[in-house]
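[1] Model the structure of this input:
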Amino acid sequence: MTLDELKKGWEVLNERLSQNEVINQRIIKEMILRKTNSAYDTIYQSNKWGLVVTFLIGTFILPFAKIQGLPIYWGTFIFLESFLLLGFIYEGYMFHILSHFNLYTMKVDETIRSVLKYKKMYLRNQRYSKFIVLLIVFICMVLQQAFTLPTIAATILCTLISVFLMSIQNKRYRQHLHEIEEGLIELQEFE
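    Numbers count the residues shown, from 1 in each chain. Modelled structure (predicted):
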């Protein structure tokens, strides 16, 4: 084998190696994009359903129950509807922030800013939501003058279940937010 043949063979191998590197980089980037988008989709869908449930409770379920004779005072009803409206607006704003997340059209730095903005709102929500729920329950009990033992026991049980479910949901959210942040950090290496 001559020196020219060895040189040509080496160039062919070198070119194939560089093509494989490019292909491997694309594959790795696509895997990171899928994992990050999967975590995002979970949060997005959960927020969407939270928005739908809040809307249904505020516009259909609570008014229907009141019309059907649920023994709830008008003051309590208006108070609950007001807090549901505030919750709906807050969730809507968080949903709006989430809707800007797009790894395929945005630069990673812009996406990171969007995620950090959402995370700030989420952490604020996580920090205060349990306290707000307990405060709402207490105010409703005062407005309803519902301080009988069965009512207090049922309220405590429902509140504990709600706080427990909120804690589970918060743990899932934190895990998915962490996956998104990790994915974005990894994607920064490809820019």
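[2] can we go C-alpha only for contacts and neighbour counts from here?
    OK.
[3] OK, contacts around Leu134?
    By Cα atoms under 8 Å, 6 or more residues apart in numbering, the contact set of Leu134 is Thr159.
[4] Tell me which helix or strand it sits in.
    helix 108-144 (DSSP states H and E).
[5] now do Ile78
    Using DSSP H and E, Ile78 sits in helix 74-99.
[6] do Val163 as well
    helix 149-188.
[7] Mind giving me the packing neighbours of that helix?
    For helix 149-188, the packing partners by 3 or more Cα pairs under 8 Å, 6 or more residues apart in numbering; DSSP states H and E come out as helix 3-56, helix 108-144.
[8] wait, which of these is closest to Ile89?
    Distance to Ile89, taken as Cα to Cα, is lowest for helix 3-56 among these, at 9.0 Å.
[9] With adjacent residues omitted, what lies nearest to the residue minimising distance to the centre of the chain?
    Nearest to the geometric centre of the chain sits Ile43, at 3.3 Å (Cα atoms, centre = their mean). Of all residues not flanking Ile43 in the chain, Tyr173 sits nearest, at 6.7 Å (Cα to Cα, 6 or more residues apart in numbering).
[10] isn't the one you found right up against Tyr44?
    No. With contact defined as Cα atoms under 8 Å, Tyr173 does not count as touching Tyr44 (10.3 Å).
[11] Next one: Phe88, what pLDDT does it get?
    According to the prediction, Phe88 has pLDDT 90.
[12] circling back: tabulate the helices and strands packed on helix 149-188 (JSON lines), appending distance to Lys66.
    Below are the helices and strands packed on helix 149-188 laid out as JSON lines (distance: least, Cα to Cα, whole Å):
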{"stretch": "helix 3-56", "distance to Lys66": "14"}
{"stretch": "helix 108-144", "distance to Lys66": "14"}
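[13] Output these as CSV; include the columns distance to Leu86 and mean pLDDT.
    What follows is those, written out as CSV (distance: least, Cα to Cα, whole Å; pLDDT from 0 to 100):
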stretch, distance to Leu86, mean pLDDT
helix 3-56, 10, 83
helix 108-144, 12, 83
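[14] so which of these gets nearest Glu179?
    Per Cα to Cα, nearest to Glu179 of those: helix 3-56, 6.4 Å.
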